[in-house]
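*Asks:* Requesting a structural model of the entry that follows:
(chains A, B and C)
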Amino acid sequence: MELVYSIAIGVLVGSGVWLLLRPRTFQVLMGLVLLSYATNLFIFGMGRLSMHVPPIIDEAAPDPARYADPVPQALVLTAIVIGFATTALYLVMLLALRGLTGTDHVDGREPDR
Amino acid sequence: MQLELIVLLPFLGSLCAAFFPSNARNAEAWLSGIVAAVCAVLVASLYGDVAGGGVVRTRIDWLPQLGVDFYLRMDGYAWLFAMLVTFVGTLVVIYSRYYMSPSDPVPRFFAFLMAFMGAMLGMVLSGNLIQLVVFWELTSLTSFMLIAYWYHRPDARRGARMAAIVTVAGGLCLLAGVLMLGQMVGSYDLDDVLQAGDAIRAHPWYAPMLVLVLLGAFTKSAQFPFHFWLPQAMAAPTPVSAYLHSATMVKAGVFLLARLWPALASTELWFWLVCGAGAASLLVGAFSATFQRDMKGVLAYSTMSHLGLITMLCGMGTELGLIAAVFHMMNHATFKASLFMATGVVDHETGTRDLKRLNGLRHAMPLTAAVAIVAAGAMAGVPLLNGFLSKEMFLEESIVAGGVSGLRFTFPALATLGSLFSVAYSLRFIHEVFFGPSTVHELPRQPHDPARMLVPSALLVGACLLVGTLPARTVGPLLETAAIAILGPVLPEYRLAVWHGFTAPLLMSLAATTGGVALYVYLYRRRMTLIRTPFLSRFDSKRMFDVANVAATRGASRLGRVLFSRRLQTQLLLIVGFAIGAGYLPLLAGGYSPGAAPLTPLDPLFALLWIGGVACAIGAAHQAKFHRLAALIMIGGAGLVTVLTFAWFSAPDLALTQIAVEVVTTVLFLLGLRWLPRRLQLDDPRRRTVRARARRTRDAVFAAAAGIGAGLLTFAVLTRPGSSTLAEFFLESSLPEGDGRNVVNVILVDFRGFDTLGEITVVGIVAITVYALLRRFRPAPDSIDVPRAQREDAARAALQEHTADALPRDYMRLPAVLVRLLFPMAWLVSLYLLLRGHNAPGGGFVGGLVMATAIIVQYMVSGTIWIESRLRVHPQVLIALGLLAAGLTGVAAWLARQPLLTSLTLDLHLPVVGDVHLSTVLLFDLGVYLLVIGGTVLMLIALAHQSLRSPRRVHAPEHAPEPRHEAEGAAG
Amino acid sequence: MNALLQHLPVLPIVIPLLAGAAMLLFSESKRTIRVTLAVASMTAQLATALTLLYLTSDFAPDVWTEGIGVYAIGNWPAPFGILLVVDRLSALMLTLGAAVSLTTIVYSIARWDRPGQPFHSLLQFLAMGLNGAFLTGDLFNLFVFFEVLLAASYGLVLRGLGTTRVREGLHYITVNLVASFLFLIGVAIIYGIVGTLNMADLARRFPGLDPADRSLFDAGAAILGIAFLVKAAAWPLNFWLPAAYSAAAAPVAAAFTMLTKLGVYAALRVGTLMSEDQAAASMLGSTLFYVGLATLLAGTVGMLAAQHLPRLVSHTVIVSTGILLAALGLGMEALTAPVLFYLITSVLTTATFFMLTGMTERTRVMATVATPSPPPEPPTPFYVAFGVREPDPYSTDDEVGIAIPRAVAFLGLAFVCCVLLVTGLPPLPGFVAKFAMLATALAEAPHAGAVWSFTAAVLVTGFVGLAALTRVGIRLFWTVTARATPRLRVVEAAPVAILVLAALWLGAEAGPVMEYLETAAQSLHDPQSYIRAVLTPHLGPLHEGP
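*Replies:* Numbering: from 1, shown residues only, chains lettered A, B, ... in the order given. The predicted model follows:
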């Protein structure tokens, strides 16, 4: 499992970075989205992987070993929310830039080459 | 106390002067004159204390940690200079009163003049080298302002800037030198430094320190090769030239040389550097002065050469040389200032300073002529004038020093040559202006002798005569006091007298005088008096400066374009690259090893899942450019796999939240896609250029490196045993202390509620930003018209008008009705999620998102107009309320004298409902809920509205280029 | 200790949050209310910050042990809950930030806070983020506050829109988003290895890691460091800064001057906490030094290259970052106080300079604002929906207040002061700061090549700055084809004057100020005291149960 998980994150990061370095705003946006997935999975993984033990207490005196580490999950939730907000902002930025400059190149002008 | 007053008064005066009305010439003059005079009196009154080697000190603590205090120290030498500054200053003020025209805005002039006087006095009286540097730079600054007084004239601007740059650069060198000196001596106090002479000369840093200090002195005193700023500075009003650029400021350099003489002087290096620069300046200056057309030009170059003479005297390293140097500083100040004033008078009266146009003025302005002639005589070193005495001493010393240094003949020869030229240009100066056929009628103005305006200059000339005839009586004691201050109580044998008998110096000066006269006569006969300077005019250091200046700027902007690329890709590449490096290096250094914890057995289904996920990610990366919709779908796929992964590894909350976010984000994207330019995949030749390929390979390498790095890090951590030191606490105290079963939610709203507070603030901020952005949104020209799909629909509909089986017209009605029915349900669901959040997966955020989705779905199916006619959402209000609710909930804890966000619980027993357990945590989550609804809806609606307003838009920014649809994006 | 005093450390975060939120309730027409709220809240923050400055100082030794105040949010003890930590350094930064923001707000009243943008709310949120970042003692919470202030800064940098702003804004946002990802990854790794988020706890635990874990931890820390360097605008990660700052409206740029310093603050804080571990400290030090030197030189070139004042000033920001990083990189404890002194002066100066830019370059600014706006259209449902009036594209700045006489003289004087302050020339405190740094460094290590290269670089950059600024200044003030002299309002002139005077006061009172900074430096270089203060349970009355 761990191996698959790591490879998955690796691929997400890889394709995210690739898109990040592309010249079109939409590509960059997609790259950011992929990277946010990767980051979330990464943070989540820092709590190690464990199945069928959601951190939802069902007894009075819980045995910590029987539950997944809740801290990373909380952090990821915060990260997801912030990521959502920034993604939305970025989308609108890209539209505004497109509207003002007429191109969707990240530098606001077509490469003159 | 007196010392502070001396330094302070001028600055106060300058402050007052600045606030006078701009035409108050007399008031300004009176104020400044009185200030200067008072300072002069104060200085004079201290003579008793400094005579015979006494020193007056005052010290005010300022920065004791670094051994820098405000420390004023007046000894004989400083006294002499302070006297000079204040006395000449007074005269210059009087003179300026008549020189400045009523139309000039005088407050600026007098304010800066006073400030300069203060700075100069501070410099002279500094008992601390750092403080000396401070005032030193201050004089440069004020001189900049004064040179540029008539800033509407380009030459004034250029001259000012050049002077400032050169002198400030020198000042910084001086600062560096002084810092070293401070380290070498262990103190910046002048007393200590002067004591430590031998230690300094023995110190390994001596050479570099000396060079730096000398750079400072030479730039300030316009010594070769830094002299070029002085002639340019002549663009200043003449009083300024008289005061700053002949009498005082340019003397600062030589002042420093003499000041530090006991500490630095009398080494080989000192001798060669100082004498070398001095001799070069002496000759270059004198020679160039002989061929200037502008009266002030002549004086400027002659100033340079006389300063060179003084520098030489300092450099010789003999005590008599030093005394001569101090003596000549005074003499030069007197006659050069008076000459400048006379020049100013001529300029003021005739309206020109051009030697070519001026001729035979002695008829029109006899008094001026008389004054100028005497002063010029002093400059040339004619007997019975003060210039003669110091020149004699100079010549004598040149013989002595020449003997010491092994330049027995060169040295005296140089000295004689210098004074020869000075005779020549003095003669020329007088003869061209005041003698010869009168050309008065051709001049811009008809000149007369302005009696009052001549007074200051006449006084100075009087001083020249007095000193020249009775040196021992007049200047003798003062000079001695100054010399003692520098050299200590025992002075070498020297006699101030006009007649020393037939000595070598006398012969040399005779030779110089005759030679000078002969030279001028020769030049005059050959009509060579008005040619451009031979040889030297080719090395126009002014033009070199400009060229260097422009070159520097050009080079910098070229370099700047490289150092600060304007392209986003470059920047991102760098950041990613650095991050990769930062990630890998420690692993390379410290070694990488996966942990020992047992791996969880691989579930093929999970593997399959991620095969899909990976395919989606890569596909998206590949398609994002030309098939946006496809890319979007695949991204969604990857997101879905992520969601499932969360669910798989026991994080239901994450799964729930992520899916909700997915939905909303997708809707946003779909709303936004419509505004992007269509891009058709064509076989673009530019995509196949070597360059494009190289770029793509490079990026691929970076991407791969980043991916592998991330993978490695993840694997390394995953295979290590769990390390969390917090989980235990949270799991155990969640139910008893946070009374919630869903630990994640308890962490979010209680343990780490502060994070959540910040996080929802972010959402709110972004929402209002998006809204502000979209208010001014202007779609691009080519995406204004109705989208292609809709056009085709319309066409089809039109086509089907007359066919028998027309499709039902508004096919959205049925879903609309359904959704409207669903709306309250959605509402309930969202509330349910909010309320159960504390004990089961859910919470304010998810609930809010569900609600928002419901609203936006309404918009989709029923159309904006319909919705807003019935249901008016006020997103901004919701945002505000949400934030306030969350924040105030936190503050409420204060009432219980508890820190922010401490959860307060309250058990009610209601008749019907039964026991109700209320907690402020719920209120907090409610705030989250409201804010998320508000924020999300605000963004969605704002975006959705664009389609409503856009078709009416026809205007586009004029400068927007029509985007090239086909064959776009070489950089892809 | 009375209730208010008890909650003092959290006020700098709560006040702007509530104020900013409350402003959103009022429609844009109610400008007066918003302004009043803004000014009131910022004044309150300044007062709070000053009180904290006093409480942490030696004058009030009995309030907090070792002058370090700790506030446990939600009353959860460290390391589990989030703690706010006030020491001298953070108090100092709070004060500085509040002062700059307050003057910025006053300045912006004159003409910059037109309806159409939630300007004042954003400024409040920006202040909230800044204060939070300065106060928090929790690594992830630091991230959250970084996001808060970044989100606000996104909104602010776009203020007034226009093609340039949107383009540069996009760059700014992209870069910062990437930096945020790095931040998250770094924090995540650190948590994954050490298993805690509380800074003090981290500082205590990480030296004990075994080598294998340690290299992973270092990787995480390094990635985190990159994120900080991006925020601190270290070359070559700062291409976004000159563009964004010079494109932003004057008051926005002024308010931003604290942002880069936040990165420096983070470096200083983390660096001193890491100083427990010699190797890590020296590693960090040398890196900082070379990065700082590179930044300094690049900024110098940039200054020389810049043709317009705003861009030039942006480059001076870079230069100051470079000087700060390099000085910290020298790793001398004695140097910390002078460095802080320089930090203060440079913040005050650059803020003033940006405000000044707004006045001198007014014509230019107006032009860029006007370009993107086509003629007004009939009201669209958009505005009906949100119940706001359509922004009038041609609305020129509605000017408030009385004009001051001798506008040009004032501008010129202020300009000269700024030039002297920025270039560190005598007699203004800029010089004091530079001299203090150089003298101390030389005294500490008179034979170190690094010190000498630093000295040379600092002097050279000062000189180049002067050359560039005189060029631009002459063109601005003295060319005959001078643009129409702008009419100055007292409200916008006063902040400039106040800031300049504050700087001058610093110079005059250099001695006492330096003393305070030395005490701050001492406590900073004794990380144990910080760790003690945070991790010792039951500190003062805050923790007594309900």
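*Asks:* count of neighbours near residue 5?
*Replies:* Because you didn't say which chain, this covers chain A. By the measure other CB atoms under 10 Å in any protein chain shown, the count of residues near residue A:5 is 24. To be clear about C-beta, it is placed using only N, CA and C from the backbone, and glycine gets the same treatment.
*Asks:* hm, I was asking about chain B
*Replies:* Residue B:5, neighbours per other CB under 10 Å, totals 12.
*Asks:* Next up, the contacts around the nearest residue to residue B:725 once chain neighbours are set aside.
*Replies:* Spatial nearest neighbour of residue B:725, chain neighbours left out: residue C:195 (4.5 Å); criterion: CB to CB, 6 or more residues apart in numbering or on different chains. Applying CB atoms under 8 Å, 6 or more residues apart in numbering or on different chains, we find residue C:195 in contact with B:722, B:723, B:724, B:725, B:726, C:205.
*Asks:* Could you say which helix or strand holds residue 92?
*Replies:* Reading this off chain A. In this structure, residue A:92 sits in helix A:70-101 according to DSSP states H and E.
*Asks:* oops, chain C please
*Replies:* Counting by DSSP H and E, residue C:92 is part of helix C:88-109.
*Asks:* again with residue B:909
*Replies:* Taking DSSP H and E as the definition, one finds residue B:909 inside strand B:905-910.
*Asks:* just the contacts of residue C:195 now: which is nearest residue B:152?
*Replies:* Among the contacts of residue C:195, residue C:205 lies closest to residue B:152 (CB to CB), at 68.5 Å.
*Asks:* ok, the closest one to residue C:211 distance?
*Replies:* The gap separating residue C:205 from residue C:211 is 15 Å, by CB to CB, to the nearest Å.
*Asks:* Look at these two and report which has more neighbours.
*Replies:* Applying other CB under 10 Å to residue C:205 and residue C:211 shows that residue C:205 carries more neighbours, namely 18 against 9.
*Asks:* how deep is the residue nearest to residue B:934 when sequence neighbours are not counted tucked in, by neighbour count?
*Replies:* The shortest distance from residue B:934 to any non-neighbouring residue, by CB to CB, 6+ apart, is to residue B:878 (2.8 Å). By other CB under 10 Å, 24 other residues sit near residue B:878.
*Asks:* Against which helices or strands is the helix holding residue A:92 packed?
*Replies:* helix A:25-45, helix B:652-673, helix B:727-738, helix B:743-746, helix B:753-775, helix B:920-949, helix C:139-157, helix C:163-194 (3 or more CB pairs under 8 Å, 6 or more residues apart in numbering or on different chains; DSSP states H and E).
*Asks:* which of these sits most buried?
*Replies:* Neighbour counts (mean count of other CB atoms under 10 Å in any protein chain shown) averaged over each of the helices and strands packed on helix A:70-101 peak at helix B:743-746, with a mean of 30.
*Asks:* residues in contact with stretch B:46-60?
*Replies:* By CB under 8 Å, 6+ apart, stretch B:46-60 touches B:1-4, B:69-76, B:78-79, B:127, B:477, B:481, B:484-485, B:488-489.
*Asks:* what is the mean pLDDT for it?
*Replies:* Stretch B:46-60 shows an average pLDDT of 88 in the prediction.
*Asks:* before we move on, what about stretch B:552-568?
*Replies:* Mean predicted lDDT for stretch B:552-568 stands at 86.
*Asks:* Please identify the buried residues of that stretch?
*Replies:* Across stretch B:552-568, burial judged by 16 or more other CB atoms under 10 Å in any protein chain shown covers B:553, B:556, B:560, B:563, B:564, B:566, B:567, B:568.
*Asks:* possible to save these as JSON lines with secondary structure and distance to chain A?
*Replies:* Output for those, formatted as JSON lines (DSSP: H, G, I helix; E, B strand; the rest coil; distance: CB to the nearest CB, whole Å):
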{"residue": "B:553", "secondary structure": "helix", "distance to chain A": "25"}
{"residue": "B:556", "secondary structure": "helix", "distance to chain A": "22"}
{"residue": "B:560", "secondary structure": "helix", "distance to chain A": "17"}
{"residue": "B:563", "secondary structure": "helix", "distance to chain A": "17"}
{"residue": "B:564", "secondary structure": "coil", "distance to chain A": "14"}
{"residue": "B:566", "secondary structure": "coil", "distance to chain A": "7"}
{"residue": "B:567", "secondary structure": "coil", "distance to chain A": "6"}
{"residue": "B:568", "secondary structure": "helix", "distance to chain A": "4"}
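*Asks:* From these, pick the one nearest residue B:139.
*Replies:* Proximity of those to residue B:139 (CB to CB) peaks at residue B:553, which lies at 26.9 Å.
*Asks:* shouldn't that closest one be in contact with residue C:303?
*Replies:* No. If you go by CB atoms under 8 Å, residue B:553 and residue C:303 don't touch, sitting 10.7 Å apart.
*Asks:* count of neighbours near the closest residue to chain B within the stretch 101-250 of chain C?
*Replies:* Across the stretch 101-250 of chain C, no residue is closer to chain B than residue C:215, which sits at 2.5 Å (CB to the nearest CB). Burial of residue C:215 is recorded as 20 neighbouring residues (other CB under 10 Å).
*Asks:* follow-up on the earlier one: quick one: contacts for the residue nearest to residue B:934?
*Replies:* Residue B:878 touches B:930, B:931, B:933, B:934, B:935, B:937, B:938, counting by CB under 8 Å, 6+ apart.
*Asks:* Closest one of those to residue C:323?
*Replies:* Closest approach between the contacts of residue B:878 and residue C:323, by CB to CB: residue B:935, at 40.4 Å.
*Asks:* can you pull the contacts of the closest one?
*Replies:* By CB under 8 Å, 6+ apart, the contact list for residue B:935 reads A:85, B:763, B:764, B:766, B:767, B:875, B:878, B:879.
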